[in-house]
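Visitor: what would the 3D arrangement of this be:
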Amino acid sequence: MTEDVKKELAADTDGLKCYEYLANNIETCENDLNEIIDMLVHADLKGQFSASAARYLNAIDSKRYAAQIDRLVNAAIELDREHAYLPSLLQGLYGEDYNDRAEELSECDDNFRRIYKRLYPSATSL
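Guide: Below you'll find the model as predicted:
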């Protein structure tokens with residue numbers, strides 16, 4: 001990533017530029033991935049692009065990008081106060097049947113448990 005690109009991404013005001021750069025350059029930005037995610041999370045005011053980037057990296061290679069996905073999911077949880085993006089994040093990361101496996105997933109995945117509790121606060125068994 002060139003210095004000019006870094007400056008452009010650092011000036012991002014909503015996370016879209018960082019997300020687009022990540023999506024369009026995933027094959028070549030491996031060494032800069034953590035820096036791009038830092039800039040994305042800093043610019044993303046509502047969690048939209050953090051959630052989208054987490055789903056994107058999960059679809060590409062969930063094991064390879066596990067640390068980055070975790071950071072993006074944590075950011076989305078904190079930023080998405082209106083719960084606009086968390087439902088699609090659950091479905092994107094855990095599959096359409098996540099609700100059927102909620103108890104099992106809650107036991108083994110802290111991010112799942114945190115998102116699920118925010119979306120379904122009356123779920124007492126989790």
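Visitor: okay, now the unreliable bits of this protein?
Guide: Under the criterion pLDDT under 70, the flagged ranges of the chain are 123-126.
Visitor: how about the helices in it?
Guide: With DSSP state H as the criterion, the chain has helices at 3-10, 16-24, 33-43, 48-61, 66-79, 86-94, 102-108, 110-119.
Visitor: highest mean neighbour count out of those helices?
Guide: Among those, the stretch with the highest mean neighbour count (mean count of other C-beta atoms under 10 Å) is helix 48-61, at a mean of 21. C-beta here means a position set from N, CA and C on the backbone, and glycine is covered the same way.
Visitor: and that one, how far out from the chain middle?
Guide: 5 Å (C-alpha atoms, centre = their mean, to the nearest Å).
Visitor: ditto for stretch 40-50
Guide: 9 Å.
Visitor: same question, stretch 57-71
Guide: Relative to its chain's centre, stretch 57-71 lies at 9 Å (C-alpha atoms, centre = their mean).
Visitor: now tell me what touches that stretch from outside.
Guide: Around stretch 57-71, the neighbours that count as contacts under C-beta atoms under 8 Å, 6 or more residues apart in numbering are Ile26, Leu33, Asn34, Ile37, Val41, Ala54, Leu72, Gly92, Leu93, Asn111.
Visitor: kindly recompute the last result at 10 Å.
Guide: Defining contact as C-beta atoms under 10 Å, 6 or more residues apart in numbering, one finds that stretch 57-71 is touched by 22-23, 26-27, 30, 33-34, 36-38, 40-41, 50, 53-56, 72-73, 89, 92-94, 110-111.
Visitor: what about it, how long is it end to end?
Guide: End-to-end distance of stretch 57-71: 12 Å, with C-alpha to C-alpha, to the nearest Å as the criterion.
Visitor: now do stretch 68-88
Guide: Stretch 68-88 has an end-to-end distance of 18 Å (C-alpha to C-alpha).
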